[in-house]
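> Sequence and predicted structure below; questions after.
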Amino acid sequence: MAGVVYILADAPGRLALSASRLGRVGIPALQMSNIRYSRSRPVCIPSTIAVLAIGLMGGCDSTMPSARLRSEVNLPIPSSAVDLPKADRLSDTDRGESRNLSARSLIPLAFDLQPDIKSSFQRFKSEEARYDFFVVSRDSLTPQLSVSNRFNEFRANESVARDRDHVVELSVEKLFFDTTELNLAVGYETGVFDEDIGNNPFVSADLRYPLWASREKLARTSVQIFRRNELNDALLDYIQVVRRRLENAMFRFYEVASLARTVDNQQEWVDDLKALVTVLDGMAGGKIESDRERVRAELARASAELRNQGGRYKIQLARLKSSCGLPFHTQVKLMDAPFNPFEGFSHEELMRLSIETDPEIATLRNEVRNAEVQLDLARRGQWDIALLANGRSSLEGRGEDDGISDWSLSVGFEVSLVDSRVTSSLIRQAQTRIARFLHAIASRENSIFTDTLEPIVRLETIGASRKELIANLPRFAMNYRMGIDDYQAGKLNIDDLLTRRETLFEQEQEISFNTFLLGANVAELCAATGKFFELLSEDRPD
């Protein structure tokens, strides 16, 4: 238990000394509060009150604390984040609109419509609201109106004395996060003693201002670290959800595009087999009949595979719509155009640009700076020194108070020694938090390095292989056409001819698969770097 000594001066030349005990373990404190004066002449509002009013107005910042935290983070917001799913969105009565979908246009579309992204964003906004409530509730501006009435009666023998007071007061309380407290008030007071009535207006101001690190602020900072960690985790989770869902949407797009090419290639194979049956129908001979049955069997197999691939295409197209958040019955036309925003970048250049634009690294760097500020506050938090000020002025009134005014001013300070265990624990908390985020930055940079190196190499090698396959494809097509002539001339059997057509299909599929791999690696690079967020910012210019 620590003792607190109050030195009061009720009037010039008279001092009163009193002592009290405060229930604060390990925190000795000294509080001094000085002279109160009374004057019986009109006075103006003390200049101190005007200064406090200016401070009050300056402390009202309309920017939310959470907005200041992410001011340097490249964080786009879904344009339809507040839109709720329609109740009848599963109904097929409305077939939906038609969309031309490319890999580039898919990115902002999925970002705006994907339910998981919007859900994660709303969770992040919820944590922002919680953090704002924590800070703003301790940095609030509260207007107040109070009305009070006091009645008193005193009896002595045959005499009776009655008096009453009626007070109306309008005040404004301003709290600051650094534990500063300010209260400004204006009011009107009417006093009645028997038949004598006096009334006068008054103004008052109270201030508690920490001159050094306040132990209450240290406690608030400790809680603020916890709240900010929750907000930071929600922000990072939102960033990761955006990456995963956009990468998944791009992967689905390239998968559906690959299936569409497979269906087209399979359809061309079926058409060629039908044309071959027509050729065989125009030929005569005992062996031709067996060859005709062989081709028809191959046609049946290819047709069955075409149906299977068509079914897979419908299923994967539905999954693509789901990954983008599109209504189920939207008519989608795929625009299978090349898309590679990383073309022309070396790995070193891509690393540098990725680190500069990555919102996760920007968020973590902000957290490091915030933790460094908290560490500095904790190190300076050995002492708690606060300025105490109080002022009140009763202006000249009417009735019995005509020509009478009164003012008082009290100024003092409070000194407390903060328990070293409090500051040391907060110092350790801030230091570990700095270390945590620095390691997280290093981990993210490592991920960018390793997750970008392999896709870049694949884009180079697979791209070169794909170009060679495309250049060589006409040879396989010509080989099959020439094989038909050779078969009719009796130089080639039917099995070799069908093998040539199957080889042509395999080459077409190899090109299609390489095209899919190129797109999948572009999607992987977009997720591994900050490219998704860079592209989204391009679609949403400030």
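It's in. Numbers count the residues shown, from 1 in each chain.

> list the contacts for Lys217?
By C-beta atoms under 8 Å, 6 or more residues apart in numbering, the residues touching Lys217 are Phe177, Asp178, Thr179, Pro210, Leu377, Gly381. All C-beta spots, glycine's among them, are computed from the backbone N, C-alpha and C.

> Is it possible to get the residues you listed out as a markdown table so that each row also shows pLDDT and neighbour count?
A markdown table is the format used below for these (pLDDT from 0 to 100; neighbours: other C-beta atoms under 10 Å):
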| residue | pLDDT | neighbour count |
| --- | --- | --- |
| Phe177 | 80 | 18 |
| Asp178 | 79 | 17 |
| Thr179 | 83 | 20 |
| Pro210 | 85 | 19 |
| Leu377 | 76 | 19 |
| Gly381 | 70 | 22 |
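
> ok, of those residues, which one's closest to Arg292?
Taking C-beta to C-beta as the measure, Arg292 lies nearest Phe177 of the contacts of Lys217, at 88.4 Å.

> any idea which helix or strand comes after the strand or helix carrying Phe226?
Secondary structure assignment for Phe226, by DSSP states H and E: helix 215-281. Per DSSP H and E, the first helix or strand lying C-terminal to helix 215-281 is helix 286-324.

> from the chain's centre, how far out does that next one sit?
47 Å (C-alpha atoms, centre = their mean, to the nearest Å).

> Next, the angle helix 215-281 makes with that helix.
For helix 286-324 against helix 215-281, the angle by axes from the mean of the first three to the mean of the last three C-alpha atoms, to 10 degrees is 160 degrees.

> all strands in the stretch 301-450 of the chain, in order from the N-terminus.
Per DSSP state E, counting those that start in this stretch, the stretch 301-450 of the chain carries strands over the ranges 331-334, 383-394, 398-399, 406-417.

> which one of these has the lowest average pLDDT?
Per-stretch mean pLDDT for those is lowest at strand 398-399 (a mean of 66).

> so what does the longest helix anywhere in the chain touch, helix or strand wise?
For the chain, the helix that runs over the most residues, judged by DSSP state H, is helix 420-488. When contacts are defined as 3 or more C-beta pairs under 8 Å, 6 or more residues apart in numbering; DSSP states H and E, helix 420-488 packs onto helix 215-281, helix 347-357, helix 359-379, helix 494-528.

> So which of these is nearest Leu101?
helix 215-281 (7.0 Å).

> quick one: the closest one to strand 383-394, angle?
On the basis of the same axes, to 10 degrees, helix 215-281 is oriented at 110 degrees to strand 383-394.

> Determine how far helix 215-281 lies from the middle of the whole chain.
The gap between where helix 215-281 is centred and where its chain is centred comes out at 20 Å by C-alpha atoms, centre = their mean.

> now the longest helix of the chain and strand 383-394, what's the angle there?
Here helix 420-488 runs at an angle of 110 degrees relative to strand 383-394 (the same axes, to 10 degrees).

> Okay, angle between helix 420-488 and helix 494-528 too, please.
If you take the same axes, to 10 degrees, helix 420-488 sits at 160 degrees to helix 494-528.

> Report the distance from helix 420-488 to the chain centre.
Mean-position distance between helix 420-488 and its chain equals 26 Å (C-alpha atoms, centre = their mean).

> Break the protein into its domains for me.
Structural domains assigned to the chain are 2-68+140-175+180-213+385-417, 97-134+220-368+432-539, following automatic domain parsing.

> Could you tell me the least trusted of those?
Mean pLDDT is lowest for domain 2-68+140-175+180-213+385-417 out of the domains of the chain, coming in at a mean of 67.

> which residue is nearest the middle of the chain?
Leu235 (4.1 Å; C-alpha atoms, centre = their mean).

> so that residue touches Arg123, yeah?
No: contact criterion C-beta atoms under 8 Å: Leu235 and Arg123 do not qualify, at 9.9 Å.

> about what we covered before: export the contacts of Lys217 to a markdown table and tack on distance to Glu189?
Below are the contacts of Lys217 laid out as a markdown table (distance: C-beta to C-beta, whole Å):
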| residue | distance to Glu189 |
| --- | --- |
| Phe177 | 34 |
| Asp178 | 33 |
| Thr179 | 31 |
| Pro210 | 32 |
| Leu377 | 42 |
| Gly381 | 42 |
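
> Mind checking which of the residues you listed are in helices?
Going by DSSP H, the helices hold Leu377 from these.

> From the contact counts, what lies against the host helix or strand of Asn100?
For Asn100, the host element (DSSP H and E) is strand 98-101. Packing partners of strand 98-101 (3+ C-beta pairs under 8 Å, 6+ apart): strand 331-334.

> The same query, at a cut-off of 10 Å, please.
Counting by 3 or more C-beta pairs under 10 Å, 6 or more residues apart in numbering; DSSP states H and E, the packing neighbours recorded for strand 98-101 are helix 103-113, helix 215-281, helix 286-324, strand 331-334.

> Name every strand pairing with that strand and say which way it goes.
Sheet pairing for strand 98-101, assigned by DSSP bridges, gives strand 331-334 (parallel).

> Next up, phi/psi of Gln404, please.
Careful, residue 404 is Ile; it's not Gln. Note on Ile404: its backbone torsions stand at phi -110, psi 130 [degrees, to the nearest 10].

> what about it, distance to Ser394?
Ile404 is 8 Å from Ser394, where distance means C-beta to C-beta, to the nearest Å.

> returning to that earlier point: for the contacts of Lys217, which one is nearest Ser322?
For the contacts of Lys217, the nearest to Ser322 is Phe177 (44.6 Å; C-beta to C-beta).

> I'd assumed Arg138 was in contact with that closest one.
Yes: between Phe177 and Arg138 there is a contact at 5.2 Å, judged by C-beta atoms under 10 Å.

> shared neighbours of those two, anything?
Here Phe177 and Arg138 have Lys217, Arg220, Gln224 as joint contacts, going by C-beta atoms under 10 Å, 6 or more residues apart in numbering.
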